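Enquirer: Need a 3D model of the following:
(one chain, ligands or ions: 1)
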Amino acid sequence: MNAQPIIWVNGRRQADLPVTDRGLQYGDGFFTTALIVCGRLLNWQAHWRRLQNSAVRLKMPELCQASLLAEIKNALAELTSIETHADNAWILKILITRGSGGRGYQPPREAEITRILQFSHTTDAFSCGASAIELPIQAAMSIPVCITLSGMQPQLAGIKHLNRLENVLARAELEESPEGLMLNGAGEVIGGTQSNLFVVKDGRLLTPILDLSGVEGTCRYQLLRLAEEQMQGAQEVRLKLLDLQGADSVFLANAVRGIMPVRELKTGMGTWHFANREVAEWQRLWQKFQRENGLDLHVD
Ligand SMILES: C=C(O[C@@H]1C=C(C(=O)O)C=C[C@H]1N)C(=O)O
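Expert: As a prediction, the model looks like this:
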């Protein structure tokens, strides 16, 4: 098995990038991380929406969905032919930068964006049944509250841009824990180091509003849509840490691992436990959505 990611830059199988690329120089770009299982790109609609929105908010040239999908399909076809094992799941990271050029921070007038496709093997167990994709169910976690704060910047809030040092520092705090909870400077709970937060309390499904800090995840986007379909809806609210005390369910969610229940939260005010009785239903809805909505990547 190839443990190294396999990379395409601007449609060519290569891993070289000029050191003048603004993604490296200034973090001038954005990304999304998606799952490909059994030849299907999961939750593509949400990933594409996020890529498009990021380009608009960062004033980058418009992206072309058809060309990007063609590049992904060609890369996957080549990958499947060179990989000898019967692998069925890849983590695909799509990175877009403003390319090279400009003067210092000043962006070039006509940017030529850089497109990077990075395929990595996942260690999680996925299976392709006769009629359905099976996604792994994540074990309930015990997690701490991180010391590193999430920055407050309304112009960048929600965007999965390439400046992710807060997440890097927060992740480095975690030793054994698979995740940690991040707050911002106003004491609002924002999410995990690489995931979004959901809380069930008093029969309501709540998630932090991300207008000041944090990243709007694709799994979060889709769970909000599923909650609307379930008629109960979810509310985007400002949550303080104390609001989590006494919650019925707490879970984190991201595109790669899906829904991750938190059984125990270690805070400076003690360790809080959550029964998580509602989580199985959200896991079931998420699995069903993923099975039924994957974009077929097989080349015609
Ligand atoms: C940090 C990356 O992406 C995040 C990581 C995961 C994961 O490993 O569970 C999932 C989604 C992303 N927000 C990355 O380098 O791709």
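Enquirer: Could you report the neighbour count for the closest residue to the ligand within the stretch 101-250 of the chain?
Expert: Among residues of the stretch 101-250 of the chain, the one nearest the ligand by CB to the nearest ligand atom turns out to be residue 194. It sits 4.1 Å away. Yep, even glycine has a C-beta here, placed from its N, CA and C like the rest. Residue 194: 21 surrounding residues under other CB atoms under 10 Å.
Enquirer: One more: residue 149?
Expert: 17.
Enquirer: What pLDDT does the model give it?
Expert: For residue 149, the pLDDT comes out at 98.
Enquirer: tell me the contacts of it?
Expert: If you count contacts by CB atoms under 8 Å, 6 or more residues apart in numbering, residue 149 has them with 166, 182-185.
Enquirer: Might one say that the residue of the stretch 101-250 of the chain closest to the ligand is in contact with residue 164?
Expert: No: if you go by CB atoms under 8 Å, residue 194 and residue 164 don't touch, sitting 9.1 Å apart.
Enquirer: Spatially nearest residue to the closest residue to the ligand within the stretch 1-150 of the chain, not counting backbone neighbours?
Expert: Across the stretch 1-150 of the chain, no residue is closer to the ligand than residue 33, which sits at 3.6 Å (CB to the nearest ligand atom). Leaving aside its chain neighbours, residue 33 sits nearest to residue 93 (4.8 Å; criterion: CB to CB, 6 or more residues apart in numbering).
Enquirer: helices or strands up against the strand or helix carrying the one you found?
Expert: In the assignment (DSSP states H and E), residue 93 maps to strand 89-97. Packed against strand 89-97, as judged by 3 or more CB pairs under 8 Å, 6 or more residues apart in numbering; DSSP states H and E, are the following elements: helix 22-26, strand 29-37, helix 44-57, helix 65-82, strand 114-121.
Enquirer: rerun at 7 Å
Expert: helix 22-26, strand 29-37, helix 44-57, strand 114-121 (3 or more CB pairs under 7 Å, 6 or more residues apart in numbering; DSSP states H and E).
Enquirer: now for the ones you listed, which one comes closest to residue 266?
Expert: Shortest separation from residue 266 across the helices and strands packed on strand 89-97 is recorded for strand 29-37, at 26.8 Å, computed as CB to CB.
Enquirer: Skip ahead from the closest one and say which helix or strand is next.
Expert: Remark: after strand 29-37, the chain's next helix or strand is strand 40-41, criterion DSSP H and E.
Enquirer: what does the stretch 151-300 of the chain have sitting close to the ligand?
Expert: 194, 254-257 (CB under 6 Å from any ligand atom).
Enquirer: Cross those residues against helices and list the overlap.
Expert: For those, not one is inside helices, with DSSP state H as the criterion.
Enquirer: just to revisit the earlier point, ok, residues contacting the strand holding residue 93?
Expert: With CB atoms under 7 Å, 6 or more residues apart in numbering as the contact definition, strand 89-97 has outside contacts at 21-23, 28-37, 51, 55, 63, 72, 113-122, 126, 256.
Enquirer: and stretch 166-179, C-alpha only, in PDB?
Expert: What follows is stretch 166-179 as a C-alpha-only set of coordinates in PDB (Å, rounded to 0.1, in the frame of the first residue of the first chain):
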ATOM      1  CA  GLU A 166      -4.700  27.800  15.200                       C
ATOM      2  CA  ASN A 167      -5.800  24.300  14.300                       C
ATOM      3  CA  VAL A 168      -2.200  23.100  14.100                       C
ATOM      4  CA  LEU A 169      -1.500  24.500  17.500                       C
ATOM      5  CA  ALA A 170      -4.700  23.100  19.000                       C
ATOM      6  CA  ARG A 171      -4.100  19.700  17.500                       C
ATOM      7  CA  ALA A 172      -0.500  19.700  18.900                       C
ATOM      8  CA  GLU A 173      -2.000  20.100  22.400                       C
ATOM      9  CA  LEU A 174      -3.800  16.800  22.100                       C
ATOM     10  CA  GLU A 175      -1.800  13.800  23.100                       C
ATOM     11  CA  GLU A 176      -4.000  10.700  23.300                       C
ATOM     12  CA  SER A 177      -7.200  12.400  22.500                       C
ATOM     13  CA  PRO A 178      -8.500  12.100  18.900                       C
ATOM     14  CA  GLU A 179     -10.100  15.600  19.100                       C
END
